[in-house]
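Enquirer: need coordinates for the below:
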Amino acid sequence: MRLPTLKPIGIRAPRTMGPGSVSSLLKIALDVAYVLLMLITGILLLAFVAAIFVPMTDALADQAVTVGEGADARQFALTRTLILFGLGATAAYFAGFLLILRQLRLIFRTLIQGDPFQPDNVRRLRQIGLTLAVVTGGVWVAQGLVAARLAPGVMEPQGFGELLTPIFSVLVVFVLAEVFREGARLRHESELTI
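Expert: Numbering: from 1, shown residues only. Coordinates of the predicted model:
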């Protein structure tokens, strides 16, 4: 006795590559995030330049920054150096992620074209890994400076435990770059044999 075959009811998995795929939707989200991040970074850079050249007013010079909470809270005068450090560090942080988003947008463009295993994507992934490593290192150094200079005893510098997830992320990106490199090599070899 033969069992009847079941026919699909019209539900199919979404396409992951090509026009109209999940990749194209993610590319749109990356494009929007890229434009917003570019605007934020531009505003921060303009504020940084303005903080260099515009003299501080008496009202701004009389302000204080409070670090910590409760009995451990400490107040520091709002100085030009502190403003420049804060604006510069924040602008550099956003600029790093702007570079990462730029490379991701280019990778997703190749996904939409249906051709992800390009040698350029290997380079892009390596750049993403390097930028992520620099941003992680920069945050670690900046937080250490703030903990040592601005808020000693109130704020602790990052330990090695806080670096495990970012280091793992950087390593995953570099491994993905090698996977893409191998895919590009195999694709090139198959093109030569056909």
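
Enquirer: any idea how far the nearest residue to L99 once chain neighbours are set aside is from D120?
Expert: Excluding its sequence neighbours, the residue lying closest to L99 (C-beta to C-beta, 6 or more residues apart in numbering) is T131, at 5.0 Å. C-beta here means a position set from N, CA and C on the backbone, and glycine is covered the same way. T131 sits 16 Å away from D120, going by C-beta to C-beta, to the nearest Å.

Enquirer: which one's more surrounded, the two?
Expert: T131 (20 against 13; other C-beta atoms under 10 Å).

Enquirer: where does that one land in three-state SS?
Expert: Under the three-state scheme (DSSP: H, G, I helix; E, B strand; the rest coil), T131 adopts helix.

Enquirer: might you report the residue contacts of it?
Expert: Residues near T131 by C-beta atoms under 8 Å, 6 or more residues apart in numbering: 96, 99-100, 103.

Enquirer: so which of those residues comes closest to E191?
Expert: Set against E191, the nearest of the contacts of T131 by C-beta to C-beta is Q103 (25.0 Å).

Enquirer: excluding residues flanking it in the chain, which one is nearest that closest one?
Expert: When the adjacent residues along the chain are set aside, Q103 lies closest to R124, with 4.3 Å between them (C-beta to C-beta, 6+ apart).

Enquirer: before we move on, which element is the one you found in?
Expert: helix 119-145 (DSSP states H and E).

Enquirer: go through the helix or strand following that helix and flag the buried ones.
Expert: Where DSSP H and E defines the elements, the next helix or strand beyond helix 119-145 is helix 160-193. Going by neighbour count (16 or more other C-beta atoms under 10 Å), the buried part of helix 160-193 is 166, 170, 173-174, 176-177, 180-181, 184.

Enquirer: packing partners for helix 160-193?
Expert: Secondary-structure packing of helix 160-193 (3 or more C-beta pairs under 8 Å, 6 or more residues apart in numbering; DSSP states H and E): helix 119-145.

Enquirer: following the lowest-mean-pLDDT helix or strand in the chain, which helix or strand shows up next?
Expert: One helix or strand of the chain scores below all others by mean pLDDT, DSSP states H and E: helix 58-61, with a mean of 64. Following helix 58-61 in sequence order, the next helix or strand is strand 64-67 (DSSP H and E).

Enquirer: next one: that following strand to chain centre, how far?
Expert: 28 Å (C-alpha atoms, centre = their mean, to the nearest Å).

Enquirer: name the strands paired with that strand and say parallel or antiparallel.
Expert: Its sheet considered, strand 64-67 pairs with strand 74-77 (antiparallel) by DSSP bridges.

Enquirer: no further questions, thank you.
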